[in-house]
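> Predicted coordinates and the sequence they were generated for:
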Amino acid sequence: MVADLQSANGTFVNDLRVASADLHPGDKLRIGSTVVELVSASLPDTRMARALTTTSLNLVAEPRGQTVVRRAVDPNKLEFLSKVFTHDSALLESAQRYLSTLQNVSDVLSRATGVEALFDSVLSAILEVTKGGRAAILMRAAEAPSDADVNVVAVRTLTGGGSVGTMILSRTVVQDVLDQGISTFTHDALHDERYGAGESIVRQRIRSVMCAPMRTTDEILGVLYVDSRSVHAFTEAQLELLAAIGNQAGTALHRTRLLADVEKLFLDVMKAIAAIIDAKDGYTHRHSERVAAFAVRLAGQLGWSPDECSALELSGLLHDVGKIGVSDAILNKPGKLTAEEFAEVRRHPGHGAAILSNIQSVKVAKLLPGVMYHHERWDGTGYPEGLRGEDIPIFGRVLAVADFIDALTSDRAYRASRSIDEVVARIQEEAGRMFDPRVVEAAVALHEKGELALPVAAGPSLR
């Protein structure tokens with residue numbers, strides 16, 4: 001019997017291409033340019049001797065440990081494509097499918113905004129193209145890059161599940177992939193000496209395994225792994241494709257990490273700015289942090305998305321950044337402000353928006369309405385523009401309530417803080433005058449659930 005393992009050139013019996021076929025005496029088997037005729041052992045001695053001396057093909061039993069394909073694959077050059085002949089429609093169809101997969105993977109990974117989404121996209125693509133039973137991504141710790149520090153960080157099965165119990169992996173294989181950048185698969189893990197946990201392999205019925213590095217141009221970040229319960233489940237063409245996906249995934253992961261680092265740096269800088277402003281005003285220690293926290297709780301109650309909540313939180317952190325343009329003497333005055341002094345304070349929303357608008361960023365542009373309009377009132381008597389009702393941007397309406405809550409639940413030089421019960425009652429009184437009634441409803445609902453008050457509050461001034 002002969003079986004073709006999805007070879008590039010195909011296997012032909014009597015000039016007919018076959019996936020598998022039973023051979024009979026007289027059949028001619030063609031592999032590439034080599035033609036072999038099957039002869040019966042019952043032939044006359046002279047003809048059998050001639051057959052044995054004219055063929056160079058030896059069929060031998062595969063010894064243990066020789067079920068492995070181990071290759072250094074250039075992920076930018078798929079060798080199997082060079083073997084495609086235009087007259088072979090099956091090969092062209094296969095090549096088209098693989099190239100389409102790579103294009104789709106590239107498109108999905110370019111849009112992945114987080115590591116988890118990226119991993120899920122990679123595993124889905126691997127299973128789609130290989131039809132393996134399960135796929136996994138292994139990563140090693142950057143601070144200690146050795147095989148001992150490799151962990152399975154994401155798993156997916158062909159049926160969509162993400163929990164498949166213990167993953168039986170070969171440290172020898174993983175080490176090979178990580179250290180040498182070698183892509184490898186075994187046709188039959190049961191007869192592969194590198195899989196020492198034989199009983200576990202048998203118990204899980206794993207037969208075919210394929211691994212490729214997940215890499216950037218400079219380093220190998222981890223390993224892409226896929227297995228199957230079928231013998232000879234994978235081909236060298238699929239191994240090349242897995243290596244190409246690993247190259248794309250590594251680049252996308254590196255980009256995602258860089259973006260996360262930039263995002264963290266951006267947030268740290270914004271928090272530092274907020275801390276500077278709070279330190280400038282003697283009554284507002286950590287006021288901006290608490291306003292941001294109150295605002296996020298209100299937004300969550302209103303059903304906002306995580307992205308919207310993140311933008312609002314940043315707007316809350318920076319809502320008073322304009323106070324950098326207000327005199328310290330005014331900000332730290334213990335008594336009542338004069339009309340001129342209060343007029344100066346009323347300019348801080350405009351100062352803040354002007355300062356932040358110099359930062360050319362979509363993220364900053366989204367938070368500007370909260371900075372500019374958090375002192376507007378629902379009835380139109382607020383500042384700086386006297387906007388009314390829903391003409392006030394929603395960030396401004398939510399931050400107005402959050403700012404009010406933190407101011408009244410914190411101590412000031414000339415009065416003590418009020419209880420959260422008193423503050424919520426006051427907010428309800430001002431619904432439709434100072435505040436958007438829907439935001440007030442959200443605050444009341446949170447308070448009734450015991451989720452509005454923050455653990456600590458001390459020191460801000462509402463101006």
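Happy to help now that I have it.
> Give me the pLDDT for Arg140.
Per-residue pLDDT puts Arg140 at 74.
> if I read this right, it contacts Met214, doesn't it?
No. Judged on C-beta atoms under 8 Å, Arg140 makes no contact with Met214 at a distance of 10.3 Å. C-beta here means a position set from N, CA and C on the backbone, and glycine is covered the same way.
> so what's in contact with these two at the same time?
Residues touching both Arg140 and Met214 by C-beta atoms under 8 Å, 6 or more residues apart in numbering: 221-222.
> Comparing the two, which residue is more hemmed in?
Set Arg140 next to Met214 and count neighbours by other C-beta atoms under 10 Å: Met214 wins out with 28 against 20.
> Secondary structure of the more buried one: a strand, I assume?
Yes. In this structure, Met214 lies within a strand as judged by DSSP: H, G, I helix; E, B strand; the rest coil.
> Contacts only, for it.
Contacts of Met214 by C-beta under 8 Å, 6+ apart are 137, 220-224, 246, 249-250, 253.
> what do you get for Asp379?
388, 432-434.
> Would you mind listing the buried residues in stretch 435-451?
By neighbour count with 16 or more other C-beta atoms under 10 Å, stretch 435-451 contains the buried residues 435-436, 439-440, 442-444, 446-447.
> The lengthiest helix in the chain packs against which elements?
Longest helix in the chain, counting residues (DSSP state H): helix 236-280. Secondary-structure packing of helix 236-280 (3 or more C-beta pairs under 8 Å, 6 or more residues apart in numbering; DSSP states H and E): strand 68-71, helix 89-111, helix 115-130, strand 183-186, strand 208-215, strand 220-228, helix 287-301, helix 306-317.
> Neighbours of Asp176, how many?
21.
> which element is it on?
Assigned by DSSP states H and E, Asp176 belongs to helix 171-180.
> Give me the buried positions along that helix.
Within helix 171-180, the residues that qualify as buried are 173-178, counting by 16+ other C-beta under 10 Å.
> Throw these into CSV and include distance to Pro306 and pLDDT, thanks.
Formatted as CSV, the buried residues of helix 171-180 follow (distance: C-beta to C-beta, whole Å; pLDDT from 0 to 100):
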residue, distance to Pro306, pLDDT
Val173, 38, 75
Val174, 35, 76
Gln175, 39, 77
Asp176, 40, 77
Val177, 35, 84
Leu178, 34, 83
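> Can you find the helix or strand in the protein with the smallest mean pLDDT?
When the helices and strands of the chain are compared on mean pLDDT, DSSP states H and E, helix 45-54 comes out lowest with a mean of 54.
> Among the helices and strands packed on helix 236-280, which comes closest to Arg377?
Arg377 lies closest to helix 287-301 among those, at 17.0 Å (C-beta to C-beta).
> The helix or strand encompassing Val398 vs helix 306-317, what angle?
Using DSSP H and E, Val398 sits within helix 394-408. Here helix 394-408 runs at an angle of 50 degrees relative to helix 306-317 (axes from the mean of the first three to the mean of the last three C-alpha atoms, to 10 degrees).
> Please pull up the helix or strand immediately following helix 394-408.
helix 420-429.
> now the angle between helix 287-301 and the helix or strand following that next one, please.
Where DSSP H and E defines the elements, the next helix or strand beyond helix 420-429 is helix 437-448. Relative orientation of helix 437-448 versus helix 287-301 (the same axes, to 10 degrees): 100 degrees.
> Which elements pack onto helix 437-448?
Right, helix 437-448 is packed against helix 287-301, helix 394-408, helix 420-429 by 3+ C-beta pairs under 8 Å, 6+ apart.
> Name the surrounding residues that touch it.
Residues outside helix 437-448 that contact it (C-beta under 8 Å, 6+ apart): 297-298, 301-302, 378, 397-398, 400-401, 405, 420-421, 424, 427-428, 430-431, 452-453.
> What strand or helix carries Trp304?
Per DSSP H and E: nothing holds Trp304, as it lies in no helix or strand.
> what about it, how many neighbours?
Using other C-beta under 10 Å, Trp304 has 17 other residues around it.
> what's the distance between it and Arg17?
If you measure Trp304 against Arg17 using C-beta to C-beta, to the nearest Å, the figure is 59 Å.
> swap in Pro393?
According to C-beta to C-beta, Pro393 stands 67 Å off from Arg17.
> Which of those two has more residues huddled nearby?
Remark: of Pro393 and Arg17, Pro393 carries more neighbours, 18 against 14, as counted by other C-beta under 10 Å.
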